[in-house]
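> Let's see this in three dimensions:
(one chain, ligands or ions: 2)
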Amino acid sequence: MDIPKVLVIGHEYSGKTSIIKRLMGFANISNILNIHYIPTIGVEASPVFIQNNAYCLWDVAGRDNFSVLTDFYYENTQKVLIVCDATNGASFDKADKLITDLCANPAYSNLTKIIVINKTESELEYLCDIHKLNEFLSKYVHLQFLKVSAKTGDGIEALKNTIA
Ligand SMILES: Nc1nc2c(ncn2[C@@H]2O[C@H](COP(=O)(O)OP(=O)(O)OP(=O)(O)O)[C@@H](O)[C@H]2O)c(=O)[nH]1
Ligand SMILES: [Mg+2]
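Numbers count the residues shown, from 1 in each chain. Ligands and ions are numbered 1, 2, ... in the order given. Just a heads-up that it's a prediction; the model follows:
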């Protein structure tokens, strides 16, 4: 049986790799957060175990010049996590474009699309873009969304339940 495939996409620096490390169970915070940010190049696939079941998380580079995201990557995908950075309004624009493109393609209409808002531990920074965040979420009320922090681990258990 094929291992369920979950694609993780979103703006550069939004925390996709950090979230996946959390999901993989890295307990040491320095292993989770790249203090010196290391952008993902291309795509990295990682196994994640949730409730004794294996899932393959595909971590897609957010930087346009490092990304190889093509239709090929959506093949046999069950779920897509669209990651936003709560402290960066540009990440909502990127997510908006990604979701619009996905919804416009009939081949992807059955994909489960889940919005993940990361870096929500710092309310002060996060409030800078609260209007943009609310505007974005109100556009996609029909999609599931979760607020997480790869830094503190908040929301990661809920995210696991959503993936499972
Ligand atoms: N404050 C805060 N910083 C975070 C959080 N998650 C990730 N970061 C930081 O954000 C930066 C980018 O994180 P990455 O996980 O590398 O981001 P990415 O989305 O994989 O980036 P690309 O691979 O370029 O697409 C790193 O310096 C992380 O330490 C979080 O929840 N809170
Ligand atoms: Mg990355």
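
> Where do the strands of this protein begin and end?
Secondary structure of the chain (DSSP state E): strands at 5-10, 43-50, 53-60, 77-85, 112-118, 144-147.

> Not counting its own residues, what contacts stretch 8-21?
31-34, 37-40, 44, 46, 48, 57-63, 69, 80-85, 88, 90-91, 94-95, 98, 116, 118-119, 148, 150-151, 156, 159 (C-beta atoms under 8 Å, 6 or more residues apart in numbering). Yep, even glycine has a C-beta here, placed from its N, CA and C like the rest.

> again, but for stretch 40-49
So stretch 40-49 is contacted by 3, 16-17, 20, 23-25, 54-62, 66-69, 73, 163 (C-beta under 8 Å, 6+ apart).

> ok, and which of those residues reach ligand 2?
Contacts with ligand 2 within the contacts of stretch 40-49, as defined by C-beta under 5 Å from the ion: 16-17.

> Mind checking which of the contacts of stretch 40-49 are buried?
16-17, 20, 23, 55-62, 67, 69, 73, 163 (16 or more other C-beta atoms under 10 Å).

> what angle separates the longest helix belonging to the chain from strand 112-118?
Ranked by residue count and defined by DSSP state H, the top helix of the chain is helix 89-104. Angle of helix 89-104 versus strand 112-118, following axes from the mean of the first three to the mean of the last three C-alpha atoms, to 10 degrees, is 180 degrees.
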